[in-house]
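In: next input, structure requested:
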Amino acid sequence: MSFDLRPATTGQDALLAGQYRPISSHLAITPPVSVVIPAMNEAENLPYVFKTLPNWIHEVVLVDGNSTDNTVDVARELWPDVKVVEQRGKGKGDALITGFNACTGDIIVMVDADGSADGNEIVSYVSALVSGADFAKGSRFANGGGTDDMTFIRKLGNWALCTAVNRKFGARYTDLCYGYNAFWRHCLDKIDLDCTGFEVETLMNIRVVKAGLKVQEIPSHEYLRIHGTSNLRAVRDGIRVLKVILRERSNRRALRSRTHHSPMLDSVRGEVS
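Out: Have a look, this model is predicted:
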């Protein structure tokens, strides 16, 4: 994967030819950036979401979860070139996987459709990736981050689950259950997503660590949902996240056991010795 960072005030011919995408008056990038937005009945929130998206991104992929309002029409009005894909399954995980498969950019950014994420932060995620990270993970609890939408119970649960992942998998996360993330598309070949619900973010965070990918946390501020009510249920979804952690830990132990007792590996060890 190749990338380039150059001052936008140089290479004007390349910029005019569309080779570089200007981010600011001092910075331009070459990797195309795709933004994936899973949405179901979010027509009222989309104007706030799209208003903050930078104009230099390559494409917006809206995954419509069988909306009964005019979510798709609003998206097309706000962003005429939006790529709309229909979600055939159910759950956020399924929606994101559908969106990832539709992306053509080298970098993929995950953004919620409820207005809680600020698209202006995308530049921080992309900067981390082109500077060497494989996965840029948003954190509401890193220095500079924050949240307007976190009850005491959710905060306690997030801390407990995050602590468990850090201890079991050797991660150093300050936040676990947050959906604002970005990564190089090739990472999908190494994390093999196979869950359908809200726990997909936790699964991604665990598997990037297990795959040995370089992760950089990005301070992010989470705002309140603007319209509508969230489908998040603290206890129910917390249990689903815990099940993912236990399953991934169990899979890790099983892999170690198979590796340790593998006859083929023992044969190779014998040859080496």
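In: where does pLDDT dip in this protein?
Out: 1-19, 228-235, 237, 252-273 (pLDDT under 70).
In: which residues of it fall in helices?
Out: 12-16, 46-51, 71-78, 92-102, 122-130, 152-169, 188-191, 200-210, 234-260, 263-272 (DSSP state H).
In: put the alpha carbons of the shortest one into PDB.
Out: Output in PDB follows, covering the C-alpha atoms of helix 188-191 (Å, rounded to 0.1, in the frame of the first residue of the first chain):
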ATOM      1  CA  LEU A 188     -10.200  -6.800   6.600                       C
ATOM      2  CA  ASP A 189      -8.200  -9.700   5.200                       C
ATOM      3  CA  LYS A 190      -6.700 -10.300   8.700                       C
ATOM      4  CA  ILE A 191      -9.600  -9.800  11.100                       C
END
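In: that one packs against which elements?
Out: When contacts are defined as 3 or more CB pairs under 8 Å, 6 or more residues apart in numbering; DSSP states H and E, helix 188-191 sits against helix 200-210. Every C-beta, even on glycine, is put in place using the N, C-alpha and C of the backbone.
In: now do the helix it packs on: distance to the chain's middle.
Out: 10 Å (CA atoms, centre = their mean, to the nearest Å).
In: other SSEs contacting that helix?
Out: Against helix 200-210 (3+ CB pairs under 8 Å, 6+ apart) you get helix 92-102, strand 135-139, helix 152-169, strand 181-184, helix 188-191, helix 234-260.
In: which other residues reach the first one?
Out: Contacting residues not belonging to helix 92-102 are listed as 36-38, 40, 61, 63, 65, 83, 85, 87-89, 108, 110, 179, 185, 188, 193, 195-200, 203 [CB atoms under 8 Å, 6 or more residues apart in numbering].
In: any of those buried? List them.
Out: Buried members of the contacts of helix 92-102, scored by 16 or more other CB atoms under 10 Å, are 36-38, 40, 61, 63, 65, 83, 85, 87, 108, 110, 179, 185, 188, 195-200, 203.
In: taking those residues one by one, which sit in strands?
Out: Using DSSP state E, 36, 37, 38, 61, 63, 83, 85, 108, 110 are the members of those that sit in strands.
In: so for residue 224, which of the helices and strands packed on helix 200-210 sits nearest?
Out: helix 152-169 (13.3 Å; CB to CB).
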